[in-house]
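Trainee: take a look and give me a structure for this.
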Amino acid sequence: MLDEDYSRDQFFEIFPTAKTFPQIIINGEKIGGYHELERWMAFNKPDDDF
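Mentor: Next up, the predicted model:
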């Protein structure tokens, strides 16, 4: 949770160009927001550790 688990500054260190929250990371890969996740899921399959 933003401002509970990490600060806004920490968030923007990881996602400096983020325009939305939450931002999604899968297997260490920065995916982005919801719309980017939809595109990612159309062409990728997370591994069993997802």
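
Trainee: skipping adjacent residues, who's closest to F11 in space?
Mentor: Spatial nearest neighbour of F11, excluding adjacent residues (C-beta to C-beta, 6 or more residues apart in numbering): L2 at 6.2 Å. C-betas here are computed from N, CA, C, even on glycine.

Trainee: look up phi and psi at the one you found.
Mentor: L2 adopts backbone torsions of phi -60, psi 140, taken as degrees, to the nearest 10.

Trainee: same question for F11.
Mentor: Per degrees, to the nearest 10, the backbone of F11 is at phi -60, psi -50.

Trainee: gap between the residue most central in space within the chain and R39?
Mentor: Against the mean C-alpha coordinate of the chain, by C-alpha atoms, centre = their mean, the closest residue is I24 at 1.8 Å. Separation of I24 from R39 (C-beta to C-beta, to the nearest Å): 11 Å.
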